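Colleague: All I have is the shape, not the residue letters:
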């Protein structure tokens, strides 16, 4: 009878020790993954030619301390702000992501890797970046006429057919370049109005390459996992994955 309490204590202690070991192992694994992701982000930025590294203070002032008023939108992992750079006397778009969001950081890494290799008039230009201790920021050129979904669903004035045709041509040109005109095909996977920005002349600029993947031409495209936004994915893809 005396052995029962002792056995229970030993059992509880063993379970607690096992839990502690597994917890430490998970923490170490997460730290390794985070280090690998940081290295991947650093390599991606180094590969991006012509990108400027901004200081956090510079972007903090440019966006009015990341205030709500210049905020342009918010995605699943980030906030998007309008900023004004006094040095260049120009407006920019600043995308902000917390370093605690691993999925968001992975998408940013993918975006920088791909955008650093692409050169096309119908892609939004990446200007620079900032790596702060708590967050990662990407800086893009500013689009005066906002996004296509703003004009389709929120703006009171309608787009003329000539402008709609111009936007469709620009988007088609961007996708043709990604699919056919490069040695390595890019599967974009997230075509929707909010990812099409418009400059002062209503030229279309494709943005947000977080879900894009570099693949070879031909059969390799069939191995890409289905991704995108519900409502904009072709119905046959949902039913057959093709």
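Modeller: Arrived safely. Note that the structure is a prediction, hence the values are computed from the model and not measured.
Colleague: is it true that residue 114 touches residue 209?
Modeller: Yes: contact criterion Cβ atoms under 8 Å: residue 114 and residue 209 qualify, at 4.8 Å. Quick note: C-beta positions are derived from backbone N, CA and C, even for glycine.
Colleague: Give me the common contacts of these two.
Modeller: By Cβ atoms under 8 Å, 6 or more residues apart in numbering, residue 114 and residue 209 have these common neighbours: residue 186.
Colleague: Settle it for me: which of the two has more neighbours?
Modeller: Between residue 114 and residue 209, counted using other Cβ atoms under 10 Å, residue 209 has the larger neighbour count: 25 against 19.
Colleague: And what about the more buried one, helix, strand or coil?
Modeller: coil (DSSP: H, G, I helix; E, B strand; the rest coil).
Colleague: show me the contacts for it.
Modeller: 110, 111, 114, 115, 186, 188.
Colleague: any idea how far the fifth one lies from residue 120?
Modeller: Going back to what we said before, that points to residue 186. Noted for residue 186: a distance of 11 Å to residue 120, by Cβ to Cβ, to the nearest Å.
Colleague: mind listing the strands for the chain?
Modeller: Assigned by DSSP state E, the chain shows strands spanning 52-53, 71-74, 78-85, 90-98, 126-131, 135-141, 185-187, 196-198, 204-206, 213-215.
Colleague: what's in contact with the first one?
Modeller: Same thing as strand 52-53. Here strand 52-53 has contacts from 45, 127, 128, 129, 130, 131, 139, using Cβ under 8 Å, 6+ apart.
Colleague: 7 Å instead?
Modeller: 127, 128, 129, 130 (Cβ atoms under 7 Å, 6 or more residues apart in numbering).
Colleague: So which of the strands of the chain is nearest residue 242?
Modeller: strand 185-187 (13.2 Å; Cβ to Cβ).
Colleague: Show me what residue 187 is bridged to.
Modeller: residue 213 (DSSP bridges).
Colleague: Quick check: it touching residue 211?
Modeller: No: between residue 187 and residue 211 there is no contact, the gap being 8.7 Å when judged by Cβ atoms under 7 Å.
Colleague: Burial check on residue 181, number of neighbours?
Modeller: Neighbours of residue 181 (other Cβ under 10 Å): 10.
Colleague: Alright, that wraps it up for me.
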